[in-house]
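# Pasting the sequence and the predicted model now:
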Amino acid sequence: MQNPPPPITSARQLDLDLDPLLSVEPAKPWAADLLRDCARAFADKDSANLHRLLWMLNELASPYGDCEQRLAYAFLQALFCRATASGDHCYSTSLAVAERAVSFASARRLALKFQEAAPWSTFGHVAANGALLQALDGEPALHIVDVSDTFCTQWPTLLEALASRADADAPRVRLTVVSSTAAGVVAEIGARIEKFARLMGVPLEFRAIAAPALPRLADALRPEKLELREGEAVAVNCVGALRRAGCGDSRDSFLRAAAALRPRVLTVVEDEADFGAAGEFMESFEECLRFYGSYFEMLEESFPATCNERLALERECFRSLVGLLACEGGADAVVDGERRERGRQWCRRLERCGFETFGISDDVIDDLKALLKRYRPGWSLLPAEGETSGMYLTWKENPVVWACAWKPK
Amino acid sequence: MAGVAEAVSKMPPPVPAVKKKRSLPGTPDPEAEVIALSPRTLLATNRFLCEICGKGFQRDQNLQLHRRGHNLPWRLKQRSGDRAAPRKRVYVCPEPSCVHHNPGRALGDLTGIKKHYCRKHGEKKWKCEKCSKKYAVQSDWKAHAKTCGTREYRCDCGVLFSRRDSFITHRAFCDALAEETARVTNAASIAGSPDYLLLQQGLNANPNAFPHLTPPTQFKPNAANINQFLDMGLVAGASTLYGDLIGSNPRRFDWMQSNKFQLSTSEFTTSALPTASSSNSAVDLSASAPALFAAASLHHPPAPDMSATALLQKAAQVGVTSSMGFAGSFEPSPYRCQSTADGSKFDGVLFSQNHASMLKDFLGGETRDFLGVGVGLQSLCHSSVDGWI
């Protein structure tokens, strides 16, 4: 056994420059570097370093501080779980607690406040609705299969658009929602949206299907499960849902099941990040740092200083980071739902599974640009290039959300 | 000149000017001459051409003004071929599927048919930047641009929106919408419900039942104030959201009709009143209580008798001299249940007290944040075959 190192008597010996961290203004960004050092300590299995770095992180992190402190806190939870091999347990527990605690009122408040503050979710809604309206134009009977956990916040504006089409009566609409939200909450949502549709003059039939456990999400798309009817035009809407279809091949199965329905259009919205299970820890760590760093900064600049909704959104990230950094996953574990792919990766998958791009009109692009103008500066629209189709929402020039429309070949 | 004198003497005696009566809309004069102009003509912007220089004008009046500049002799000042009072003209739309293609629905005004054709069948070249609404007629677009974005929308629950999409999404899930059903079903049982604030609308409910309650200032649609309801939401600009709805989509009028005939009173629960965003914060945090609680437990204030330096020293010493060494792992591994010192497993809460004490032990005994009774490390740490010490 080695000689124990001499006791530390000063911060200097810890080889830490605390001054920039303790000065008041202006604060240099410190979290990313410290977190990278931690990740390197993991990768190098350097426990002495890891100890002191985690200790430092714990000192500086706070869920109530500025976005550097919050980001540090989020990663601290995940790294701690990794170090104590408690990731899987933490993840499933946290998920269970969150699912138990959700109520219609809290979900509504969170979703609507977030939509007010930032276009992160509304971007995908407007893009998808635009594609849906384009693809389903002139159809008298629609069946929209909504595989997402957006609490149906996408649909009021679509219903309003269908109702205000000047040249035609509103079509009959069936909305089948496949989600993992608690049944009671979904029922309340359904009742309200049916009522709203009635007031809009759109005949709407709402139905909820509980999302089957992985890897059986594709089961939800079986025609008999969806109770497809003659003469209705089908469309499939997947917002943040493709990644929840398990990993690897299960995602392909889901897409093939969607193609088999012969929808007029398949609308896809996903976060733009590559959290693939394979690969080096350092690479996936770096990607987490990039994506969540962007996200936390966006939250700080979009919400007012003290805001419970911001806290709630950050808390969801704690869980995601635990899933990404402290869980092994694979074999269609629930945690695989955190493994986002980039747009270009989804494009390859979609083409492989029998889809081709559905071009959206300039009108939809203009709608998206007009949407972004209604928010604070920092957001812009970036059409995808090359082999990747679709569009990105960018925050400070970084693509963060990808939206695209597809149809069966 | 003889010709002129002739023309003058043949002029009919002056008759008092009869104002042309506007016929009812949609009923063209049956004696009128039906003109079917081509799409090209209808869309042409400068169809009034000066025969002298060929310059084009949008309006006849502008052309006449221009012609004066050419100093024409008196004779030619009259437009040739403009002798007799022309027959009344009505115009039909060239588009066969259009309702105005039928001469029975012809439009009496040339400008009207041009605007109609452009709006309905023409290309919508003008687009609003803010809301991407498209217009074929430039004047329509300009008129819209003046009011776009200045309109505000007020929900029944009292919240005001500047964005239409936010308003629609809010409205769809608003309690005020749900309450409309509740109001109908509760109409009979109002008297005994002290939980609700009642807005007295002058019908059946007893006005003296709740004298201590003041009616909210928002309007609820009913027979008495349907006009106020229509004006609701109007800040600047010519039309209201509801005006649009009624005008463009008569079927949706039932939204307001149903309100009109349903209830005379409305109920406000306190949750429907506009509140600051930080209300109900206790409810919101319920999902995150474990994490917050943990946060609190992770940030205990230091004991007063320990200096920072001493704590650092202690941390370094205790952690390093532990014979068991690093208790954790560098890789994520499948779920292993970690026992804490007292043998209990993780209770089902992320970052509970047990977790916090694990963090403390992991970081090597008492750190600044994890003061408490020192917990023996040996029961905590697994010895791993590949122990790093």
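Here it is on my side, so go on. Numbers count the residues shown, from 1 in each chain, chains lettered A, B, ... in the order given.
# drop to CA atoms for contacts and neighbour counts, all remaining ones
Noted.
# and the nearest residue to residue A:273 once chain neighbours are set aside, what is it in contact with?
Closest residue to residue A:273 apart from its sequence neighbours, by Cα to Cα, 6 or more residues apart in numbering or on different chains: residue A:342 at 5.1 Å. Contacts of residue A:342 were listed using Cα atoms under 8 Å, 6 or more residues apart in numbering or on different chains, and they are A:270-274, A:402.
# Most neighbours out of the residues you listed, which is it?
In terms of neighbours by other Cα atoms under 10 Å in any protein chain shown, the contacts of residue A:342 top out with residue A:402 at 28 neighbours.
# So the residue nearest to residue B:38 when sequence neighbours are not counted: helix, strand or coil?
With sequence-adjacent residues excluded and distances taken as Cα to Cα, 6+ apart, residue B:38 is closest to residue B:94, at 6.4 Å. At residue B:94 the chain is in coil, as set by DSSP: H, G, I helix; E, B strand; the rest coil.
# Could you tell me how many residues sit around residue B:94?
Neighbour tally, residue B:94, other Cα under 10 Å: 18.
# Surely it touches residue B:41?
No. Under the criterion of Cα atoms under 8 Å, residue B:94 is not in contact with residue B:41, lying 10.6 Å apart.
# per-residue confidence for residue B:115?
For residue B:115, the pLDDT comes out at 84.
# what does the one 5 residues further on give?
pLDDT, the model's per-residue confidence, is 81 for residue B:120.
# try residue B:101
pLDDT at residue B:101 comes out at 85.
# repeat for residue A:304
pLDDT, residue A:304: 89.
# List phi and psi for it.
The phi/psi pair for residue A:304 (degrees, to the nearest 10) reads phi -70, psi 170.
# residues near it, how many?
Neighbours of residue A:304 using other Cα under 10 Å come to 12.
# hmm, back to that, quick check: the gap between the residue nearest to residue B:38 and chain A.
Remark: distance between residue B:94 and chain A (Cα to the nearest Cα, to the nearest Å) = 18 Å.
# all strands in the stretch 301-409 of chain A, in order from the N-terminus.
A:355-357, A:379-383, A:391-395, A:398-408 (DSSP state E, counting those that start in this stretch).
# same deal with the stretch 51-200 of chain B?
Counting by DSSP E, counting those that start in this stretch, the strands of the stretch 51-200 of chain B are B:56-57, B:89-92, B:126-127, B:134-135, B:153-154, B:160-161, B:197-199.
# OK, contacts around residue B:30?
Residue B:30 neighbours (Cα under 8 Å, 6+ apart): none.
# quick one: it and residue A:159, what's the gap?
Going from residue B:30 to residue A:159 by Cα to Cα, to the nearest Å gives 44 Å.
# and if you look at residue A:197?
7 Å.
# Likewise for residue A:232?
17 Å.
# Same drill for these two, tell me which one is more crowded.
Legend: neighbour count by other Cα under 10 Å for residue A:232 and residue A:159, higher for residue A:159 (25 against 16).
# Which helix or which strand is home to the more buried one?
helix A:155-163 (DSSP states H and E).
# Quick check: mean pLDDT of that helix?
95.
# Just the C-alphas of stretch A:283-300, formatted as PDB.
Output of stretch A:283-300 as PDB, limited to C-alpha atoms (Å, rounded to 0.1, in the frame of the first residue of the first chain):
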ATOM      1  CA  GLU A 283     -17.500  11.600 -26.200                       C
ATOM      2  CA  SER A 284     -20.900  11.100 -24.900                       C
ATOM      3  CA  PHE A 285     -20.100  13.200 -21.900                       C
ATOM      4  CA  GLU A 286     -19.000  16.000 -24.200                       C
ATOM      5  CA  GLU A 287     -22.200  15.800 -26.100                       C
ATOM      6  CA  CYS A 288     -24.200  15.900 -22.900                       C
ATOM      7  CA  LEU A 289     -22.300  19.000 -21.900                       C
ATOM      8  CA  ARG A 290     -23.000  20.600 -25.200                       C
ATOM      9  CA  PHE A 291     -26.700  19.900 -25.300                       C
ATOM     10  CA  TYR A 292     -27.600  20.400 -21.600                       C
ATOM     11  CA  GLY A 293     -25.300  23.400 -21.300                       C
ATOM     12  CA  SER A 294     -27.300  25.000 -24.200                       C
ATOM     13  CA  TYR A 295     -30.600  23.900 -22.600                       C
ATOM     14  CA  PHE A 296     -29.800  25.300 -19.200                       C
ATOM     15  CA  GLU A 297     -28.500  28.600 -20.700                       C
ATOM     16  CA  MET A 298     -31.700  28.800 -22.700                       C
ATOM     17  CA  LEU A 299     -33.800  28.200 -19.700                       C
ATOM     18  CA  GLU A 300     -32.000  30.900 -17.700                       C
END
